[in-house]
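> Need coordinates for the below:
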Amino acid sequence: MAELAIKIGGRGTAKDQDIIHAFNDLAIRWWNAMMICRDYQPDLLQVWREKTFSCRFDRISRTEYRRTVIVTGKNRVIGLEPNEFGEYVHMQEFVDGNPGRFFGEAGNETWFGGDRDYSSKAMDAVWAAIEAAGPYRETDFRLFPAGSGDLKAHLFLRVDDFDDATRRELEEPDLDAAGKVVAYRKRRANWRKLPVFTSVLKTQIDDPRQSVDIRSQLQVQLASIVEVKSLVD
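Residues are numbered from 1 along each chain as shown. Just a heads-up that it's a prediction; the model follows:
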């Protein structure tokens, strides 16, 4: 399943019914896994990074670290002097940082970087680690983790799943011939036209004081509500 986060009301740059975010099933898996590893089981944060980054870095001295490509296991040491690939240590790497990036004892840190991998395979590995380490089960985290403020400002609507190309299309701005942004979003989700949204329900959704969440009761087809605004206005 997938979800759309749809703007409620016309205040600000985005207009009423603009598709602010489009979360496909893979993105929902990613957000929930990241939330658990970051907020609920921080001991799994290193696992999260190891499963979603391509490289592991291990400090081996004050001025050297070893970079390992996780998939292949190939590694090389990088120090102050450029190696045959022109790589060298930027000392700022050992000065800056935050607890969410570096792991291990001072002087023996490990961190992760390189290309990010948010594929289904990577998410399978992350969720397997989460379920092996504690009480959290992916079956209990099927919705995007929207907070109360999110639900007041947006209608979160469940739709059929879509790929990343469609996600980018749904979130793209409207551009003129010169490439200048003329509207925050090119497309909107016209949920107001659907009979299932009664006048009472619309009033509740439009009330900025209420957090309305209908995702467990309702799902619609993406094609039934998405409109290119320039073609219908």
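> And the helices in the chain, which stretches?
25-35, 45-52, 120-133, 148-153, 164-170, 199-206, 229-232 (DSSP state H).
> what's near enough to touch residue 1?
By CB atoms under 8 Å, 6 or more residues apart in numbering, the contact set of residue 1 is 25, 28, 142, 158-161, 219. (Each C-beta comes from the backbone N, C-alpha and C, glycine too.)
> Same check on residue 19?
The contact partners of residue 19, taken as CB under 8 Å, 6+ apart, are 4-7, 170-171, 185, 187-189, 226.
> Across the sheet, point out what pairs with it.
On the basis of DSSP bridges, residue 19 is bridged to residue 6.
> Give me the nearest residue to the residue lying farthest from the centre of the chain, chain neighbours excluded.
Seen from the C-alpha centroid of the chain, the residue lying at the greatest distance (CA atoms, centre = their mean) is residue 81, 37.3 Å away. Counting by CB to CB, 6 or more residues apart in numbering, residue 88 is the residue found nearest to residue 81 once chain neighbours are left out, at 6.2 Å.
> Does the one you found touch residue 67 like I think?
No: if you go by CB atoms under 8 Å, residue 88 and residue 67 don't touch, sitting 11.9 Å apart.
> higher neighbour count, the two?
residue 67 (16 against 13; other CB atoms under 10 Å).
> Stretch 210-221: end-to-end distance?
Stretch 210-221 has an end-to-end distance of 25 Å (criterion: CA to CA, to the nearest Å).
> Okay, buried residues for that stretch please.
214-215, 220 (16 or more other CB atoms under 10 Å).
> In TSV, list those residues along with pLDDT.
Converted to TSV, the buried residues of stretch 210-221 look like this (pLDDT from 0 to 100):
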residue	pLDDT
214	97
215	96
220	96
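> between those residues, which is nearest residue 127?
Comparing the buried residues of stretch 210-221 against residue 127 with CB to CB places residue 215 closest, at 20.4 Å.
> And the closest one, how far from residue 174?
Distance, residue 215 to residue 174, by CB to CB, to the nearest Å: 27 Å.
> before we move on, the earlier item: now do the same contact list for the residue nearest to residue 81.
Contacts of residue 88 (CB under 8 Å, 6+ apart): 78-82.
> Just send these back as TSV, with distance to residue 197 and pLDDT too.
TSV is the format used below for those (distance: CB to CB, whole Å; pLDDT from 0 to 100):
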residue	distance to residue 197	pLDDT
78	57	88
79	63	85
80	63	82
81	66	82
82	62	82
